[in-house]
Structures are given as structure tokens and as C-alpha cells.
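> Here is a sequence together with a model predicted from it:
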Amino acid sequence: MTAPPDGVLVVDKSQGPTSHDVVAVARRALGTSRVGHTGTLDPMATGVLVLVAGRATRLARFMTHDVKSYVAHVTFGRATTTYDAEGETTTETGRVPERAALAALVAAKAGPQMQTPPAYSAKKVGGEVAHKAARRDAPLVLAPVPVTVHALTLDAWDDGVATLSMTVSAGFYVRALAHELGEALGTGAHLSGLRRTRAGAFGLDDAVSWATLAAAARGGLTSALLPIDRMLPDLPAAHLPPEAVAKVRHGQSVQATITGDLAAGPVRLLDEAGHLIALAEPAGPGDGSARRFLQPVVVLG
């Protein structure tokens, strides 16, 4: 019997399909129902959508905090309900800012900050989804959330359309940034194009096209899966000898020397060949050294 596929499938999503549409097509192309995503893209957005299959789905929740990079197009002179081109017009000034004023504002946007999510988003308040409430003309009051803009540059300015490149924390809404720029400059603005170029460890150079995915025969795309070992490279790690690997596979704690920053998250447990076998949490306080007891929390087998 053929083992079910495991690994990461990076898709260069086209404009139009939802992230759930991509997952549905990937299930057929990989020949398994055990496929999920690690963070959605709006239908109008293109670019990197990271899917996980088989055992890799067990690690998806640890990837939701990955830093992401985008190229965005922001059109000035019109604001919309959804903060993007698909929404209804709320303000149309026909004005565009001076490039110097826009460049100064963009430069000031870098760093940690609080951002209010768009009314048309998947955020929840008291169990109610924001975009559903907004469509009933009963928008929820959404609290600002902490986000970080690691890098933001103005790459081009052409006839009222700005091209921005950015690297941002998880939870950052590029649509909200577009709206904020228009508000601050007094012209109104909306997001008119968005392409994700990287999500965590995976970029466009890892991706298969939407056309390739859609055309694949059932089970015909397993060769495009990237190994589980490439997941979560920024987490601290511990290499284990064979006897410790056997204990981990039975869910038992082990003692090992850790490399990397423990504050970054769980510890990757690797065998002597460098294959990822589990994620673990430190068991009890440390003694100041890099050697700690580690309790497996996800065992891949």
C-alpha cells in the first residue's frame, strides 16, 4: 500500500479563487483529503499560499505566526467599504498626494504599531464574524491589535498608484494600510492589487502555478511536495541520538542541548540525519545551560 503524501505544497495562487478553493483542488491533485493551509489569501490577491498535507497538517498551527512579504498597489483618490477595489465607494476625492508626502508617510510606518482590522475581515467579536456583520450594515467595533512592519518601501509612483514592498508580521492587513495612507493624506485610497511573495520559509521560487495545480491528475502532484524538514526553520532545535529518538516516538521526555532562541517557540527535535521527528516544550525550569528536559507535544513518527 502506498503511504499517504506528507509535506508542503506552495501554490502561486491566481486572482479569483479563494484559499478554500485552492485547498479543494490540491486535495484532488495530491490524492488525499488531508490538506490544509497555513494562512489565507483574499480572492483578489495572488502569490504564495502555503498548503500542508498528511503529517505536515499537524504543524500548521505553528506556522500561522510566520512573517509575510508582499508587493501591493495602492490607488489614491477613492476609498471603499472593504478597503480594496472590490468594495463600494465611500469617498471619491479624485485627488492624489504629492510623492514626497507619501514617501515620508511610508517611511514613518515602519516598526511596531497598533492596527485596527477592516470591518470586512474574518475577525470575531463575541463569536460573531466581522464581515458578516458588516454586510448586514451592523459593523462590529474591532479593537486595534499589535502588528509589526519589518520593512516598507515605496517602489514606484505612477498616476496616483503607489507600488509598495513590505515584510510584515502575521495578522497585518495590507488593506488597512492602504486605507490608513489615504486617510492620513486626505485623499482616500484603496488596495488595488496584492501579491504575496513569501510566507515564512517559503517563497515564489518554491511554488507551483495555479494552472499546474488545476490541471494535475488525481494524485499527480505529489512530486511537488516539499519535505517536512523544511518547516519551521526559525524555531530552536535539538539533535538526538537514536535512543532518544525512540523515546520521543513513544511520547517520552528527553534531555538534549538546544541551539537557537527558546523564546522563538517550541523546540524542533531532529534525528542524527537532521530529519524533523517532533516538536517539544521545555519541561520545567532550566539551570542556565542550553541542556534541557524536553517534552514532545507533536510527534510526527
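Yep, it's here.
> show me what contacts the residue nearest the centre of the chain?
Nearest to the mean C-alpha position of the chain, by C-alpha atoms, centre = their mean, lies G39 at 4.6 Å. Counting by C-beta atoms under 8 Å, 6 or more residues apart in numbering, G39 touches L49, V50, M63, T64, D66, K68, A170, A199. All C-beta spots, glycine's among them, are computed from the backbone N, C-alpha and C.
> Kindly report the same for A79.
Per C-beta under 8 Å, 6+ apart, neighbours of A79: T89, T90, T91, E92, H179, G182, E183, G188, A189, H190.
> What is the neighbour count of the third one?
So the one you mean is T91. T91: 14 surrounding residues under other C-beta atoms under 10 Å.
> for the last one, same thing?
For H190, the number of neighbouring residues by other C-beta under 10 Å comes to 27.
> again with S33
Count around S33 with other C-beta under 10 Å applied: 10.
> how far away is it from T57?
Distance of S33 to T57, computed by C-beta to C-beta, to the nearest Å: 11 Å.
> ok, now E183?
For E183 relative to T57 (C-beta to C-beta), the value is 40 Å.
> and if you look at G111?
From G111 over to T57 (counting by C-beta to C-beta), the distance is 34 Å.
> Who has more neighbours out of those two?
Neighbour count, other C-beta under 10 Å: between G111 and T57, T57 has more, with 17 against 9.
> Check the more buried one and give its pLDDT.
The model reports T57 with a pLDDT of 96.
> which non-adjacent residue is nearest it?
Leaving out its chain neighbours, the residue that sits closest to T57 by C-beta to C-beta, 6 or more residues apart in numbering is G36, at 5.0 Å.
> How far does the host helix or strand of that neighbour sit from its chain's centre?
Using DSSP states H and E, G36 maps to strand 35-37. How far strand 35-37 lies from its chain's middle: 13 Å, per C-alpha atoms, centre = their mean, to the nearest Å.
> again with stretch 40-60
Worked out by C-alpha atoms, centre = their mean, stretch 40-60 lies 8 Å from the chain centre.
> likewise stretch 115-123?
16 Å.
> Got phi/psi on the residue of the chain positioned farthest from its centre?
Ranking residues of the chain by C-alpha distance from their mean position (C-alpha atoms, centre = their mean) puts E243 at the top, at 35.9 Å. With angles defined as degrees, to the nearest 10, E243 sits at phi -70, psi -30.
> Sweet, I'm off.
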